[in-house]
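Visitor: 3D model of this:
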Amino acid sequence: MPITPAAATHTPSNGTAEEILLELVDENGVTIGTAEKLAAHQPPGRLHRAFSVFLFDERGRLLLQQRALGKYHSPGVWSNTCCGHPYPGEAPFAAAARRTYEELGVSPSLMAEAGTVRYNHPDPDSGLVEQEYNHLFVGLVQSPLRPDPEEVGDTAFVTPDELAERHAKDTFSAWFMTVLDAARPAVRELTGPSAGW
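Guide: Numbering: from 1, shown residues only. Modelled structure (predicted):
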């Protein structure tokens, strides 16, 4: 697994869900066009490029974030460290580093690709559909968090056992277990067998 330092462009995100364009892809992840963000998530959903980031501390604990209550999609639920969509033409790695900085105020260390996963997850609460070709990334967080309250409601570092307890009692994003399971081989390589992932 290649390991490359992440470089985030420290520019804030702008625009509403109706104005932001996503990159539509085919089943092989090849770009076929664009669509407005909200339109791409309306049922039945249009397959688009996305990313999911999993960052760990020096103890091998996963950083979770609770999505802010003001988010139009899946507000208030717990999910992986950071997830989102590249701008059309933006490399998924660059988008993942950019959004991690924008949402949490940290640049990932030793961030590496962890494969891709394709899924179709309707969200029963919002009625929106996550039809995504998702690029996965794992890395480390080595500086204090500075979450943007408009994006992040809360954060928590968890061990595998703590995650299982939290997952049993709290609401998580529809895509969380799918992306975590797909990223597990790279997570184990990053954190080592003693972390238990």
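Visitor: elements contacting the helix or strand encompassing residue 102?
Guide: In this assignment (DSSP states H and E), residue 102 forms part of helix 92-104. Contacts defined by 3 or more C-beta pairs under 8 Å, 6 or more residues apart in numbering; DSSP states H and E place helix 92-104 against strand 48-56, strand 62-67, strand 82-84, strand 109-122, strand 129-140, strand 152-158. C-beta coordinates here come from the backbone N, C-alpha and C atoms, glycine included.
Visitor: ok, now which ones touch residue 150?
Guide: 68, 70 (C-beta atoms under 8 Å, 6 or more residues apart in numbering).
Visitor: In three-state terms, label it for me.
Guide: Taken by DSSP: H, G, I helix; E, B strand; the rest coil, the conformation at residue 150 corresponds to coil.
Visitor: So what's the predicted local confidence for the residue most central in space within the chain?
Guide: What sits nearest the mean C-alpha location of the chain, by C-alpha atoms, centre = their mean, is residue 83, with 1.9 Å. Per-residue confidence (pLDDT) for residue 83: 95.
Visitor: Across the sheet, point out what pairs with it.
Guide: Legend: beta-bridge partners of residue 83 under DSSP bridges are residue 52.
Visitor: surely it meets residue 53?
Guide: Yes - Residue 83 lies in contact with residue 53 (C-beta atoms under 8 Å); the separation is 6.8 Å.
Visitor: residues shared between the contacts of these two?
Guide: Counting by C-beta under 8 Å, 6+ apart, the residues touching both residue 83 and residue 53 are residue 99.
Visitor: I'd like to know which elements the lowest-mean-pLDDT helix or strand in the chain is packed against.
Guide: Ranked by mean pLDDT, DSSP states H and E, the weakest helix or strand in the chain is helix 37-41, scoring a mean of 94. If you count contacts as 3+ C-beta pairs under 8 Å, 6+ apart, helix 37-41 packs onto strand 21-25, strand 129-140.
Visitor: Would you tell me which one of the ones you listed is buried the most?
Guide: Of all these, strand 129-140 has the most neighbours on average by mean count of other C-beta atoms under 10 Å, namely a mean of 24.
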